[in-house]
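Novice: Got a predicted structure here, sequence first:
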Amino acid sequence: MSRLRALLMTAAIPAVMSAATQADGPSRGEVLASTCHACHGPEGRGSPPLPPLRGRSDLRTQLLAWKSSAEASGDAHLMIRFARGLSEADIDALAAYFAAKDAP
Amino acid sequence: MTGLRRRQLLAGSMLLPLALGPHRGSAKASPHVVIVGGGFAGATAARYLARWLPEVRISLLIGRNRYYTCPFSNLAVIGERSLTSLEVGREQLATDRVSLIRLQARDFDPHHRRLRLEDGRLLHFDRLILAPGIEVLPESIEGHGPEHVATFPHAWQAAGPATDHLARRLQAVPDGGLVIVSVPEAPYRCPPGPYERASLMAWWLAHHRPRSKLIILDANEAFTKDDLFKAHWREAHPQRLSWLGRGDDGRLRRVDAGRGSVHTDFADFQPDLACVIPPQRAGAIARSADLDGGRGWCSVDPRSFASTVHPNVHVIGDAAIANPMPKSAFAAASQARICAAAIAAEFSGRQPPESLLTNTCYSLLTPTAAIAVTGSYRGTADGIETLPGSSGTSPLDAPDSLRRAEAGHARGWYASARADAFGE
Ligand SMILES: Cc1cc2nc3c(=O)[nH]c(=O)nc-3n(C[C@H](O)[C@H](O)[C@H](O)COP(=O)(O)OP(=O)(O)OC[C@H]3O[C@@H](n4cnc5c(N)ncnc54)[C@H](O)[C@@H]3O)c2cc1C
């Protein structure tokens, strides 16, 4: 068996992995948040004129409102389209992720 | 098999781990990921993989050249931004887990998992991530070739001195002169880029050479944000800028470097400046070991960006086939994060989180007005799927205030994307 195949096979058996390695790898919330960092600054710290996201408690309300918006128009047309790409569970994960971070 | 056993396997597979890294003496065995290319894709992959897989060791090959971002380089072409403001130093990418290697990679052996550097040294990898960007093919145009690029400048494969050269050539266009921008057939790097460049050049001509004209010779019939670009051209440059699509004999067929002329099937042009953007393909390293199947670009599984030819080699950024995502810096960084998340999950024995890929391309119409196109995507076993309702552009009928606001947002994105990828 090649080493690679051995490795892949091991990788496919998560139950036997040690606790230390279980902690590795990003959560869905973190992967989702990283898509926001592209514009709102690394770690969501803001990149003027785009506002910071860290420490905000209104993200869920805001993203849900955008997601249900019929038309993608106005200054936030991009945000409306991003919100449409997120499920409600995604929105919860994102809101929790940023709410748990200190405001910049 | 236990976690310990897996670590031993990894340790045993490291043939040359200490030759090139700062990891000498490290007791802890850890996967070695080699990344080729330190542009938006490679740099983002290095930073996110180090964050998401703490025990990883990364060797990042960046070559010897300085790196200037292509995004915003069209502003440098018209003198509205300095070249130095586009340069990113990559020193910040080096950390205790990331070794920066200022050499080119030459080729690799996917079966023995060895990468050969330009100086002949071999580097063993557990995973290889290729992010080499593009290579241009001027020789695919009749009469053209690498030796004539100064005559028909493009500054497309890399921004930098080539951008300055193009800027000087624009400055030299006399009032009443003719500028041509030719667009290759898709796919190519940055689908809206040629039209952004043409818009900014037309803006510059309007201010500095008001009697001059600009013609876009296009090998395509439709292009991204075309209704928005065309509406702007009609309004701002009705007599100055014309676009000839493929159906209007817009396809460049031949150039004559001696005379500086360019030719379509039925028309001959004698411009003062012809910016000929050549056809393109993936950078050479991504075409070794038949990774591109002879197609010029690499087919990947978009859930991890693992090559469909050699699954322990990942290809991200412009070199990968990722349509409907465009070849943009934004998309390159998004793919790099998903690739990093998948590798991190795999080496830590977890299922990777479901992927979300995103893209937004801002294009400047003038230095203070911009439009945007966006989309969100999911990687599946069958390819990349656009999420319903997520894709679209800035509204066509919008007040100037929105175009101005989006030029500001574009600057915010640029600073953010640069910092997220390169740490500066
Ligand atoms: C004029 C212009 C404007 C643009 N504007 C935008 C924009 O506004 N927004 C946007 O999102 N995108 C924009 N783009 C597109 C963007 O520049 C590319 O999509 C992006 O750079 C792709 O990233 P990459 O990492 O795949 O390739 P690159 O950024 O080209 O990085 C690849 C790096 O790998 C190096 N390399 C290659 N082979 C090797 C090797 N064998 N060994 C070592 N190193 C190697 C190269 O030298 C290069 O430094 C624009 C492009 C152009 C030309």
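Specialist: Cool, the structure landed.
Novice: For the rest of this, base every contact and every neighbour count on C-alpha atoms.
Specialist: Fine.
Novice: residue closest to the middle of chain A?
Specialist: residue A:32 (2.0 Å; C-alpha atoms, centre = their mean).
Novice: give the contact list for that one.
Specialist: Residues in contact with residue A:32 (C-alpha atoms under 8 Å, 6 or more residues apart in numbering or on different chains) are A:90, A:94, B:356.
Novice: Among those residues, which one lies nearest to the ligand?
Specialist: residue B:356 (16.8 Å; C-alpha to the nearest ligand atom).
Novice: And the closest one, how close does it get to chain A?
Specialist: 7 Å (C-alpha to the nearest C-alpha, to the nearest Å).
Novice: Between the two ends of stretch A:70-88, how far is it?
Specialist: 17 Å (C-alpha to C-alpha, to the nearest Å).
Novice: Other residues contacting that stretch?
Specialist: A:63-64, A:66-69, B:374-377, B:387-392, B:394-395, B:402, B:405-406.
Novice: hmm, try it at 7 Å
Specialist: Residues from elsewhere that reach stretch A:70-88, judged by C-alpha atoms under 7 Å, 6 or more residues apart in numbering or on different chains: A:63, A:66-67, A:69, B:374, B:376, B:387-391, B:395, B:402.
Novice: cool, stretch B:360-369 as well?
Specialist: Against stretch B:360-369 from outside (C-alpha under 7 Å, 6+ apart): B:192, B:196, B:199-200, B:203, B:330, B:370-375, B:403-404, B:406-407, B:410.
Novice: ok, and which of those residues reach the ligand?
Specialist: Among these, the residues within reach of the ligand (C-alpha under 6 Å from any ligand atom) are residue B:330.
Novice: In strands only, show me the contacts of stretch B:360-369.
Specialist: Among the contacts of stretch B:360-369, the members found in strands (DSSP state E) are B:370-375.
Novice: Intersect those with the contacts of chain A.
Specialist: For chain A, the contacts drawn from the ones in strands among the contacts of stretch B:360-369 by C-alpha under 7 Å from any C-alpha of the partner chain are residue B:374.
Novice: Just the buried ones out of the ones in strands among the contacts of stretch B:360-369, please.
Specialist: B:370-375 (16 or more other C-alpha atoms under 10 Å in any protein chain shown).
Novice: Serialize the residues you listed to TSV and add fields for pLDDT and distance to residue B:67.
Specialist: Converted to TSV, those look like this (pLDDT from 0 to 100; distance: C-alpha to C-alpha, whole Å):
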residue	pLDDT	distance to residue B:67
B:370	98	25
B:371	98	26
B:372	98	25
B:373	98	26
B:374	98	26
B:375	98	27
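Novice: can you tell me which two in the residues you listed are farthest apart?
Specialist: B:370 and B:375 (17.2 Å; C-alpha to C-alpha).
Novice: show me what contacts residue B:313?
Specialist: With C-alpha under 7 Å, 6+ apart, residue B:313 has these contacts: B:127-129, B:306-307.
Novice: near the ligand, which residues of the stretch 201-350 of chain B show up?
Specialist: Going by C-alpha under 6 Å from any ligand atom, the residues of the stretch 201-350 of chain B near the ligand are B:283, B:285, B:317-318, B:327-330, B:332.
Novice: taking the residues you listed as a set, which two sit the farthest apart in space?
Specialist: The widest separation within these (C-alpha to C-alpha) is 22.1 Å, between B:285 and B:330.
Novice: These two: who's more crowded?
Specialist: Between residue B:285 and residue B:330, counting by other C-alpha atoms under 10 Å in any protein chain shown, residue B:330 is the more crowded of the two (27 against 20).
Novice: how near is that one to chain A?
Specialist: 7 Å.
Novice: could you say what helices and strands the longest helix belonging to chain B packs with?
Specialist: As assigned by DSSP state H, the longest helix anywhere in chain B is helix B:400-422. Secondary-structure packing of helix B:400-422 (3 or more C-alpha pairs under 7 Å, 6 or more residues apart in numbering or on different chains; DSSP states H and E): helix A:28-40, helix B:40-52, strand B:369-380.
Novice: So what touches it?
Specialist: A:38-42, A:47-50, A:75, B:40, B:43-44, B:90, B:92-93, B:362, B:364, B:368-371, B:424.
Novice: how far does it sit from the chain's center?
Specialist: 18 Å (C-alpha atoms, centre = their mean, to the nearest Å).
Novice: I'd like the mean pLDDT over it, please.
Specialist: Averaged across helix B:400-422, pLDDT comes to 98.
Novice: contacting residues around the helix or strand that contains residue B:179?
Specialist: Under the criterion DSSP states H and E, the helix or strand holding residue B:179 is strand B:178-183. Strand B:178-183 is contacted by residues B:194, B:198, B:212-219, B:252, B:271-277 when judged by C-alpha under 7 Å, 6+ apart.
Novice: Now list the buried members of those.
Specialist: Looks like the contacts of strand B:178-183 have B:194, B:198, B:212-219, B:252, B:271-277 buried, using 16+ other C-alpha under 10 Å.
Novice: circling back to that earlier point, filter the contacts of stretch A:70-88 down to the buried ones.
Specialist: Members of these classed as buried by 16+ other C-alpha under 10 Å are A:63, A:66-67, B:374, B:376, B:387, B:389-391, B:395, B:402.
Novice: Which members of those are the farthest-apart pair?
Specialist: Most distant of these, by C-alpha to C-alpha, are B:387 and B:402, 25.2 Å apart.
Novice: Tell me the pLDDT of the nearest residue to residue B:421 once chain neighbours are set aside.
Specialist: Of all residues not flanking residue B:421 in the chain, residue B:44 sits nearest, at 4.4 Å (C-alpha to C-alpha, 6 or more residues apart in numbering or on different chains). On pLDDT, residue B:44 comes in at 98.
Novice: Please report how far residue B:44 lies from residue B:250.
Specialist: 37 Å.
Novice: So between the two, which is more surrounded?
Specialist: The residue with more neighbours, out of residue B:44 and residue B:250, is residue B:44; 27 against 24, by other C-alpha under 10 Å.
Novice: Where do the strands of the stretch 251-400 of chain B begin and end?
Specialist: B:254-256, B:261-263, B:268-269, B:273-276, B:280-282, B:298-301, B:306-307, B:313-315, B:320-321, B:357-366, B:369-380, B:383-386, B:392-393 (DSSP state E, counting those that start in this stretch).
Novice: go on, chain A?
Specialist: Using DSSP E, strands in chain A do not occur.
Novice: that older thread, which one of the strands of the stretch 251-400 of chain B has the most crowded surroundings?
Specialist: strand B:313-315 (a mean of 30; mean count of other C-alpha atoms under 10 Å in any protein chain shown).
Novice: what's the offset of it from the middle of its chain?
Specialist: Worked out by C-alpha atoms, centre = their mean, strand B:313-315 lies 16 Å from the chain centre.
Novice: ok so, going back, Throw the strands of the stretch 251-400 of chain B into TSV and include distance to residue B:50, thanks.
Specialist: Formatted as TSV, the strands of the stretch 251-400 of chain B follow (distance: least, C-alpha to C-alpha, whole Å):
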stretch	distance to residue B:50
strand B:254-256	47
strand B:261-263	48
strand B:268-269	52
strand B:273-276	40
strand B:280-282	26
strand B:298-301	22
strand B:306-307	18
strand B:313-315	16
strand B:320-321	22
strand B:357-366	20
strand B:369-380	23
strand B:383-386	26
strand B:392-393	34
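Novice: and residue B:177, which of those strands is closest to it?
Specialist: Residue B:177 lies closest, by C-alpha to C-alpha, to one member of the strands of the stretch 251-400 of chain B: strand B:273-276, at 8.6 Å.
Novice: ok, the closest one: who's next to it in the sheet?
Specialist: Strand B:273-276 has its sheet partners listed here by DSSP bridges as strand B:178-183 (parallel).
Novice: Spell out, range by range, the helices that occur in chain A.
Specialist: Using DSSP H, helices in chain A cover A:3-11, A:19-22, A:28-40, A:59-67, A:77-84, A:88-99.
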